[in-house]
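A.B. asks: here is my input; please provide its structure:
(chains A and B)
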There are 2 protein chains.
Amino acid sequence: MTTRIVELRQGILKKNDELARGLRSQFETAGVLVLNLVSSPGTGKTEFLQGTLRELISSGSRAAALVGDLETDNDARRLAASGAPVRQINTHGICHLEAEMVSKHLDGWNLADLDYLFIENVGNLVCPSSYDLGEKIRVALLSVTEGEDKPLKYPTIYNSADVAVITKVDIAEAVGFDRATALKNISEIRPGIRIFETSAKSGVGMAEWLAYLAELRPLR
Amino acid sequence: MTTRIVELRQGILKKNDELARGLRSQFETAGVLVLNLVSSPGTGKTEFLQGTLRELISSGSRAAALVGDLETDNDARRLAASGAPVRQINTHGICHLEAEMVSKHLDGWNLADLDYLFIENVGNLVCPSSYDLGEKIRVALLSVTEGEDKPLKYPTIYNSADVAVITKVDIAEAVGFDRATALKNISEIRPGIRIFETSAKSGVGMAEWLAYLAELRPLR
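C.D. replies: Here you go, the predicted structure:
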């Protein structure tokens, strides 16, 4: 039984990888920078992305977002307030986004008109790590309320990330966040990873994050 | 492909259900009350359980715990500080506990010597909902930092719960927790569910929770 499951799982992942490769080349041709945001539920992906989109749009960048959730379109409605085009993907019980879901939700968007496309994955520290969505940058977020040991307990999600973002630093003191241990644990799982320390609420660290996004954008 | 996956999944769930039924009757015969704690990573299951075990042990109850994580035995070490017998289950990539894992980790424990057995599931708001572990009570935890909309976004985990526990209420104000909305959303998904509002740190709400546990214990 287990062997068959593993084979089927590998088949699904292989199909996903092929679709993701196609998406990646489509994104590169269009010159859009694609980022996949992964974290636990409640880390503040939506609030962080809301702040990011608001800044990008107001400074004249063209940014859009896809947002994955099992149910509800709450997040899409929150993100759309930034003025960016946003689409909700409901996975109805599936704990991650897949390349095919992303592909289907791009219909009618002209990617060449975009500078940035953000994909907010389903909040989950396990499932999304195996599914390539064709993104260039995978961003793993960790909030100061989650516990400094999460990178050690969920190594695959941090291991597959290109950048780490610590969120909610405005309440770091109130929750007794151990910054040094958190940074050490993230770097232990993914040596050399760039780490941003942010609060979408107070604005701390957002300028560094936006400067990083600007650096990454390919010139046309 | 999807059909075969669904069939295999149903096969696995059926096998798990059968094992869970066996466990449930074993627990009932032994007279031990078994609780399965489910939540997102970082909700504070371990801290809540640590406080619960400490109180139970110091008041003369006999309690033990199994704790599931993908990797590390940090949580077992934290819980063992209460003086209760504790065992770690490492799932190595699997995002939930299964009845078989529980069964294997009971070896050598005399269940009839226990009043309470707590099973702290892997931190995940999706995967654990489908896996019965033979528990009598499923407890879904939600921290004040996670966002009041989580019950609506992850209905299955709240829908399958017998009791809800809100954690970290000591920082509710600092994080702008909307208590009324959280209570409304939990009750919308699971009408009539009993909800405890707690802080393992300050001790708020723990007396009510412990009184509930005492009520549930079958008399011998």
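A.B. asks: hey, where'd the strands end up in chain A?
C.D. replies: Assigned by DSSP state E, the strands in chain A fall at A:33-38, A:63-69, A:86-90, A:116-120, A:137-143, A:163-167, A:194-197.
A.B. asks: what strands line up against the third one, and which way round?
C.D. replies: In this case it means strand A:86-90. strand A:63-69 (parallel) (DSSP bridges).
A.B. asks: can you give me the angle the partner strand makes with strand A:116-120?
C.D. replies: Interaxial angle, strand A:63-69 versus strand A:116-120 (axes from the mean of the first three to the mean of the last three C-alpha atoms, to 10 degrees): 10 degrees.
A.B. asks: contact partners of strand A:63-69?
C.D. replies: If you take C-beta atoms under 8 Å, 6 or more residues apart in numbering or on different chains as the criterion, strand A:63-69 is touched by A:46, A:49, A:52-53, A:56-57, A:75-76, A:79, A:84-91, A:96-97, A:101-102, A:105-106, A:109, A:114-123, B:153. C-betas here are computed from N, CA, C, even on glycine.
A.B. asks: from those, which land in helices?
C.D. replies: If you go by DSSP state H, the contacts of strand A:63-69 have A:46, A:49, A:52, A:53, A:56, A:57, A:75, A:76, A:79, A:101, A:102, B:153 in helices.
A.B. asks: just the buried residues out of these, in ChimeraX syntax.
C.D. replies: One line in ChimeraX is enough to select the buried ones among the ones in helices among the contacts of strand A:63-69; burial here means 16 or more other C-beta atoms under 10 Å in any protein chain shown:
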select /A:46,49,52,53,56,75,76,79,101,102 /B:153
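A.B. asks: export the strands of chain A to JSON lines and tack on mean pLDDT and mean neighbour count?
C.D. replies: Shown next, in JSON lines, are those (pLDDT from 0 to 100; neighbours: other C-beta atoms under 10 Å in any protein chain shown):
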{"stretch": "strand A:33-38", "mean pLDDT": "98", "mean neighbour count": "25"}
{"stretch": "strand A:63-69", "mean pLDDT": "97", "mean neighbour count": "26"}
{"stretch": "strand A:86-90", "mean pLDDT": "97", "mean neighbour count": "20"}
{"stretch": "strand A:116-120", "mean pLDDT": "98", "mean neighbour count": "25"}
{"stretch": "strand A:137-143", "mean pLDDT": "97", "mean neighbour count": "25"}
{"stretch": "strand A:163-167", "mean pLDDT": "98", "mean neighbour count": "23"}
{"stretch": "strand A:194-197", "mean pLDDT": "98", "mean neighbour count": "16"}
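A.B. asks: to residue A:127, which of those lies closest?
C.D. replies: Between residue A:127 and these, the shortest separation by C-beta to C-beta is 9.4 Å, and it involves strand A:33-38.
A.B. asks: adjacent strands (with direction) for the closest one?
C.D. replies: Its sheet considered, strand A:33-38 pairs with strand A:116-120 (parallel), strand A:137-143 (parallel) by DSSP bridges.
A.B. asks: in TSV: the strands of chain A, plus distance to residue B:163.
C.D. replies: Shown next, in TSV, are the strands of chain A (distance: least, C-beta to C-beta, whole Å):
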stretch	distance to residue B:163
strand A:33-38	30
strand A:63-69	25
strand A:86-90	28
strand A:116-120	31
strand A:137-143	25
strand A:163-167	29
strand A:194-197	36
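A.B. asks: can you pull the residues of chain A lying near chain B?
C.D. replies: Proximity of chain A to chain B, by C-beta under 8 Å from any C-beta of the partner chain, involves residues A:1, A:4-5, A:8, A:11-12, A:40-42, A:69-72, A:74, A:93, A:95, A:122-127, A:143, A:145-147, A:149-150, A:152-156, A:168, A:171, A:174-175.
A.B. asks: give the buried subset of those residues as a ChimeraX selection command.
C.D. replies: Buried subset of the residues of chain A next to chain B, written as a ChimeraX selection, criterion 16+ other C-beta under 10 Å:
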select /A:12,40,41,42,69,70,74,95,122,123,124,125,126,127,143,145,146,147,149,150,152,153,154,155,156,168,171,175
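A.B. asks: among the residues of chain A next to chain B, name the ones in helices.
C.D. replies: Mapping these onto helices (DSSP H) picks out A:4, A:5, A:8, A:11, A:12, A:74, A:150, A:152, A:153, A:155, A:156.
A.B. asks: what's the most distant pair in these?
C.D. replies: For these, the maximum inter-member distance is 37.8 Å, found between A:4 and A:74 (C-beta to C-beta).
A.B. asks: residue A:123 is in contact with residue A:39, correct?
C.D. replies: Yes. Look at residue A:39 against residue A:123 with C-beta atoms under 8 Å: they come within range, at 6.3 Å.
A.B. asks: any shared contact partners between the two?
C.D. replies: Contact criterion C-beta under 8 Å, 6+ apart; residues shared by residue A:39 and residue A:123: residue A:45.
A.B. asks: in chain A, which ranges drop under the pLDDT threshold?
C.D. replies: In the predicted model, chain A carries pLDDT under 70 at residues A:1-7, A:218-220.
A.B. asks: which residue lies nearest the spatial centre of chain A?
C.D. replies: By C-alpha atoms, centre = their mean, chain A has its centre lying nearest to residue A:37, at 0.5 Å.
A.B. asks: quick one: that residue and residue A:44 touch, right?
C.D. replies: No. Contact status for residue A:37 versus residue A:44: not in contact, 10.4 Å apart, counting by C-beta under 8 Å.
A.B. asks: common neighbours of those two, please.
C.D. replies: Residues touching both residue A:37 and residue A:44 (C-beta under 8 Å, 6+ apart) are residue A:141.
A.B. asks: state the distance from residue A:76 to chain B.
C.D. replies: 12 Å (C-beta to the nearest C-beta, to the nearest Å).
A.B. asks: that residue contacts residue A:87, doesn't it?
C.D. replies: Yes. Between residue A:76 and residue A:87 there is a contact under C-beta under 8 Å: 6.5 Å.
A.B. asks: just checking, residue A:23 touches residue A:136?
C.D. replies: No. Counting by C-beta under 8 Å, residue A:23 sits too far from residue A:136 to count as a contact (10.7 Å).
A.B. asks: neighbour count winner among the two?
C.D. replies: Each of residue A:23 and residue A:136 has its neighbours counted (other C-beta atoms under 10 Å in any protein chain shown); residue A:23 has more, 21 against 16.
A.B. asks: what's the closest non-adjacent residue to the more buried one?
C.D. replies: Counting by C-beta to C-beta, 6 or more residues apart in numbering or on different chains, residue A:134 is the residue found nearest to residue A:23 once chain neighbours are left out, at 2.9 Å.
A.B. asks: tally up the residues packed near that neighbour, please.
C.D. replies: Look at residue A:134: counted by other C-beta under 10 Å, it has 23 neighbours.
A.B. asks: dump the ones in helices among the contacts of strand A:63-69 into CSV; add distance to residue B:193 as well.
C.D. replies: Putting these into CSV (distance: C-beta to C-beta, whole Å) gives the following:
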residue, distance to residue B:193
A:46, 26
A:49, 31
A:52, 36
A:53, 36
A:56, 41
A:57, 41
A:75, 25
A:76, 28
A:79, 30
A:101, 32
A:102, 35
B:153, 17
